[in-house]
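Undergrad: Build me a model:
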Amino acid sequence: MALNKYLRKLFLTGMSLTVLIFAITNCTEKTQTKVQEEKPKPNQFGLAVNDLIEVRDTIESNQTLSDILIPHGVSQQKINEIEKKALNIFPLRSFRTNDELYIYAKWDSVETVKYLVYKKDPVNYVVFDLSDAINIYKKQKPFTIKQVTVSGNIKDNLIQSLLDKGVKKEVGFTVADIYESQIDFGTLRENDTFTIIYEEINVNDEPVQVGKILAAKFNYRKKDYYAFRFDREKEGSYYDEHGNGLQGMFLTAPIKFRYRITSRYSSNRYHPILHRNKAHLGTDYAAATGTPIMTVATGVVIEAGYTSGNGNYVKVQHNGTYTTQYLHMSRFAKGIRRGAHVTQGQTIGYVGMTGLATGPHVCFRFWKNGKQVNPLKEKNQSSGPVSKKNKKEFDEVEKSFLEKITSVNDQPSIAESKNADPKN
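TA: Here you go, the predicted structure:
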């Protein structure tokens, strides 16, 4: 009997201990869960800044790091240390106007800056960690690159045709740069067709940036023009379906394709100011005042001046055969004077209406062997073919994209997804 009482007492004591242990364990788990839930989550730049204030700003023209940080209580001595340490990581001269800056600071009785983040683009950023010793490092947000194919007909112009399909205008501008020695985009006609394969950079499954143009096809004036990116010879180079380089000796126009041709080369044209017929040995490209004017080929400036007829003008000697001239500029670009060396696509001046001009435009003139000719009828010269050692590899790239180009529908489509470096 006494033994039974002892065993019952022992059992009840064990049960009490079990309940107590369970209660303690459960309480501990809840406390740990609560601690885990309260652990601050990293922000878009991977920083734990829950207890910090955030100040978002954009860089203004000619703004210095002192202009940015002194109002937030950072001493000039510390700013000097930041500038010195940044030299070999991300020099502060690399800051660009209108880029975004984020400041994270602790606020007690005074403001103490803990982090400065410079956003280079939607993927790349630079962290200036000032919380202890100065630590500066570059980082990237997690991203994917999707390969997108878009095709369609030209209605008004390439940019509008792409926007109508939900494609960023940057795609059109980049494609125009690729073809600028082959196609005059200011003269695209309705129902000219295009197919473009390009990279779209995504962060959190949202498109944030246009990557590389991989391949394209334009049917322009009933002729097919192909472009295939092939980096083996030179980064960012494009070739046609035969492996010939697309960069010609001359650009098709001295202005990017946001212009219209108002007067063409003619041996007998009625002059709107002189009110008589005379030869117009040039091509007029109308554009807004201040639009950059580019030299169509590499060469040396042999004249840069003013006459009552030409207004402000620049003349460039390209070689022993070719010379070009650009008239009616509002002003010259910096450094453009007689003897200056210029490269293809370099801005040499800006559209205006100086001299005999009824509106803002550039009159473009072209000499071949000392005689003025119509540049639109001159056959351009290719920059050269893919080398023999890389031709087989190029043919494989060309074949792969050619199959995709010939099989697309008239809508944007996502072909594949991959991780890669988003830099062009």
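
Undergrad: Now do the strands in the stretch 101-250 of the chain.
TA: 111-119, 124-129, 135-140, 144-153, 193-203, 206-220, 223-229, 238-239 (DSSP state E, counting those that start in this stretch).

Undergrad: by contact count, what packs against the last one?
TA: Taking 3 or more Cβ pairs under 8 Å, 6 or more residues apart in numbering; DSSP states H and E as the contact definition, the neighbouring helices and strands of strand 238-239 are strand 223-229. All C-beta atoms are positioned from the backbone trio N, CA, C, and that covers glycine.

Undergrad: Run me through the strand neighbours of the strand it packs on, direction for each.
TA: strand 206-220 (antiparallel), strand 238-239 (antiparallel) (DSSP bridges).

Undergrad: Quick one: residues contacting residue 127.
TA: Residues in contact with residue 127 (Cβ atoms under 8 Å, 6 or more residues apart in numbering) are 45, 47, 115-117, 135-139.

Undergrad: cool, residue 119 as well?
TA: 99-102, 125.

Undergrad: tally of neighbours for the closest residue to residue 256 other than its chain neighbours?
TA: Excluding its sequence neighbours, the residue lying closest to residue 256 (Cβ to Cβ, 6 or more residues apart in numbering) is residue 176, at 6.7 Å. Using other Cβ atoms under 10 Å, residue 176 has 20 neighbouring residues.

Undergrad: out of the strands paired with strand 223-229, nearest to residue 286?
TA: strand 206-220 (21.2 Å; Cβ to Cβ).

Undergrad: buried sites along that closest one?
TA: 209-218, 220 (16 or more other Cβ atoms under 10 Å).

Undergrad: distance between the ends of stretch 184-191?
TA: 15 Å (Cα to Cα, to the nearest Å).

Undergrad: residues in contact with that stretch?
TA: Stretch 184-191 is touched from outside by 153-158, 176, 179, 220-221, 252-253, 255, 257-261, 285, 376, with contacts defined as Cβ under 8 Å, 6+ apart.

Undergrad: Stretch 81-101: which residues count as buried?
TA: 82, 86, 90, 92, 95, 101.

Undergrad: A helix includes the first one, no?
TA: When you say that, I think you mean residue 82. Yes. Residue 82 forms part of a helix when assessed by DSSP: H, G, I helix; E, B strand; the rest coil.

Undergrad: Give the bridge partners for the residue nearest to residue 130 when sequence neighbours are not counted, please.
TA: Leaving aside its sequence neighbours, residue 130 sits nearest to residue 113 (Cβ to Cβ, 6+ apart; 5.5 Å). Counting by DSSP bridges, residue 113 forms beta bridges with residue 105.

Undergrad: What's the per-residue pLDDT of residue 113 here?
TA: On pLDDT, residue 113 comes in at 95.

Undergrad: which residue ranges form the helices in this structure?
TA: Counting by DSSP state H, the segments of the chain that form helices are 2-38, 65-69, 76-86, 158-163, 169-178, 388-406.

Undergrad: what is the rounded mean pLDDT of the shortest one?
TA: Along helix 65-69, the predicted local confidence has a mean pLDDT of 93.

Undergrad: and what of the fifth one?
TA: Helix 169-178 carries an average pLDDT of 91.
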